[in-house]
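Enquirer: Here is my input; please provide its structure:
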Amino acid sequence: MFQLFNNLFNSEKDEMKEKLQIPDSPELLSGEENEMETENQLEKINLQIKERQKIIDKEMDLETQIELKEKNETKLETGKKNYQSNQKKKLDKLKYQIKILKQQIKDYTIKECCLKTDIHVLTKNLEYFQNFMLLSMSLAYRNLSNSKENLKENSKENLKENLKENSKENSKENLKENLKEKNNRKEDEKLFDNLTLIRNFFIEFFSNFKERKNLN
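Expert: Next up is the predicted model:
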């Protein structure tokens with residue numbers, strides 16, 4: 001575009017110079033007047049060229065500014081698109097994380113329900129087991145108590161009868177049997193004491209378990 005304007009002005013300049021070489025009237029000017037007139041015309045032409053050059057420069061500056069503005073707008077639009085794309089990616093990532101978190105919460109809720117159910121079933125089973133053990137212990141305790149009393153009574157009666165009925169010849173055998181019965185009574189008493197300890201242990205264990213369950 002600049003080259004086009006330059007060619008145009010150069011052609012106009014040449015035309016003006018050609019016009020200056022042709023006199024306007026048939027009268028010929030003197031050498032000095034002709035030279036001064038030529039200088040004036042050249043000065044005017046140069047001024048016109050400078051003015052037009054200024055216009056060209058302004059137009060070129062304007063075009064440059066327009067190009068820069070378009071480039072900046074393009075960069076701004078590209079940056080805006082990139083920002084929107086990045087924000088969309090972040091939003092999609094956040095949505096995915098929220099989805100995963102919701103699924104985890106759902107899974108934990110299901111696990112919690114299953115755990116509560118298991119605890120409930122375990123508690124019921126322990127209660128049944130407790131009742132069974134306490135009943136068994138009570139029966140065993142009662143039977144041992146009865147057997148202990150019976151053994152005491154029987155041993156006294158048997159001892160009296162044996163003393164009356166047995167002669168000196170059978171005294172050794174009776175002593176052996178009495179010693180054997182005495183040892184058996186000791187074993188029964190140990191078993192009775194052990195069962196009592198086991199019974200007390202289970203009572204305390206189930207009592208503590210119920211307290212912990214109530215605290216939870």
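Enquirer: Show the contacting residues for residue 122.
Expert: If a contact means C-beta atoms under 8 Å, 6 or more residues apart in numbering, then residue 122 has no contacts. Quick note: C-beta positions are derived from backbone N, CA and C, even for glycine.
Enquirer: ok, now how distant is it from residue 109?
Expert: Using C-beta to C-beta, to the nearest Å, one gets 20 Å for the distance from residue 122 to residue 109.
Enquirer: got the buried residues for stretch 40-60?
Expert: The neighbour-count check on stretch 40-60 (16 or more other C-beta atoms under 10 Å) flags 45, 49, 56 as buried.
Enquirer: Can you name the helix or strand that the second one falls in?
Expert: Using DSSP states H and E, residue 49 sits in helix 31-165.
Enquirer: gap between residue 39 and residue 94?
Expert: Separation of residue 39 from residue 94 (C-beta to C-beta) stands at 80 Å.
Enquirer: same thing with residue 195?
Expert: 65 Å.
Enquirer: Have a look at the two and say which one is more surrounded.
Expert: residue 195 (16 against 10; other C-beta atoms under 10 Å).
Enquirer: Name the nearest residue to that one, sequence neighbours excluded.
Expert: residue 140 (5.4 Å; C-beta to C-beta, 6 or more residues apart in numbering).
Enquirer: Residue 201: how many residues sit nearby?
Expert: 10.
Enquirer: Distance of it relative to residue 143?
Expert: With C-beta to C-beta as the criterion, residue 201 and residue 143 are 19 Å apart.
Enquirer: How about residue 126?
Expert: Taking C-beta to C-beta as the measure, residue 126 falls 25 Å from residue 143.
Enquirer: higher neighbour count, the two?
Expert: residue 126 (16 against 12).
Enquirer: on that earlier part again, for the buried residues of stretch 40-60, give me CSV that also has pLDDT and distance to residue 78.
Expert: Formatted as CSV, those follow (pLDDT from 0 to 100; distance: C-beta to C-beta, whole Å):
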residue, pLDDT, distance to residue 78
45, 81, 48
49, 82, 42
56, 79, 32
